[in-house]
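Enquirer: please work out how this folds:
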Amino acid sequence: MNDPAVDDRPTLREVRESDIEFFYEYQADPEAALMAAFTSRTRPAAEQRWHEIMANDRIVARTIVVGDVVAGHLVSWEDERHREVGYWLGRQFWGRGIASEALRDFLEVVPHRPLEAWVAPHNAGSARVLEKNGFTFDRDEPDFRVFSLG
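Expert: Prediction:
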């Protein structure tokens, strides 16, 4: 039998309470946090943040599922100037094109343009995910490179 995490195309669905544990574990991975230039949250802080996200109708969030496994998430939110998009995959899903496909599908769910995404300068993989989906480099900010779409 083939490993669904390798063979299946990613799908998106609404975030469920049971997904939060996966999201917590993925962001707690020190290598992933370093790649994203992100300070991992404690379990209570991560749970609280996801409950806030799920309760906010101005935030669009989807779980990325590969086979029957939660692989990560995508989120889009508004700040004072524009709408942003972000994503996170468990390290075991990196390098398989999953983020690129999931973001492509998510961009159909979030029609707002322009969109911005902020990427750590050393995270070439994340920059490639954005470029494959039509984002272009916009500018450098302290500690991040900003890409935009639309």
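Enquirer: what residues of stretch 23-31 count as buried?
Expert: 23-24, 26-27, 29 (16 or more other Cβ atoms under 10 Å). For glycine as for every other residue, the C-beta is placed from the backbone atoms N, C-alpha and C.
Enquirer: tell me what the helix or strand I53 falls within is packed against?
Expert: Using DSSP states H and E, I53 falls within helix 43-55. When contacts are defined as 3 or more Cβ pairs under 8 Å, 6 or more residues apart in numbering; DSSP states H and E, helix 43-55 sits against helix 19-28.
Enquirer: that older thread, orientation of the next helix or strand after the helix holding I53 relative to helix 43-55 in degrees?
Expert: Downstream of helix 43-55, the next assigned helix or strand under DSSP H and E is strand 60-66. Orientation of strand 60-66 against helix 43-55 (axes from the mean of the first three to the mean of the last three Cα atoms, to 10 degrees) gives an angle of 110 degrees.
Enquirer: contacts for strand 60-66?
Expert: 4-5, 8-16, 19, 53-54, 70-77, 87, 89, 93, 98-99, 102, 106, 109-110 (Cβ atoms under 8 Å, 6 or more residues apart in numbering).
Enquirer: just the buried residues out of those residues, in ChimeraX syntax.
Expert: In ChimeraX syntax, the buried subset of the contacts of strand 60-66 is picked out as below (16+ other Cβ under 10 Å):
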select :5,8,10,12,15,19,53,54,70,71,72,73,74,75,76,87,89,93,98,99,102,106,110
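Enquirer: let's see which of the contacts of strand 60-66 end up in strands.
Expert: 11-14, 70-77, 87, 89 (DSSP state E).
Enquirer: mind putting the residues you listed into TSV with pLDDT and distance to M35?
Expert: Compiled in TSV, those are given as follows (pLDDT from 0 to 100; distance: Cβ to Cβ, whole Å):
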residue	pLDDT	distance to M35
T11	98	24
L12	98	22
R13	98	25
E14	98	27
V70	98	19
A71	98	16
G72	98	13
H73	98	16
L74	98	17
V75	98	17
S76	98	21
W77	97	21
Y87	98	12
L89	97	10
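Enquirer: any weak-confidence spans in this structure?
Expert: 1-7 (pLDDT under 70).
Enquirer: okay, which residue is most central for it?
Expert: Nearest residue to the geometric centre of the chain (Cα atoms, centre = their mean): Y87, 0.7 Å.
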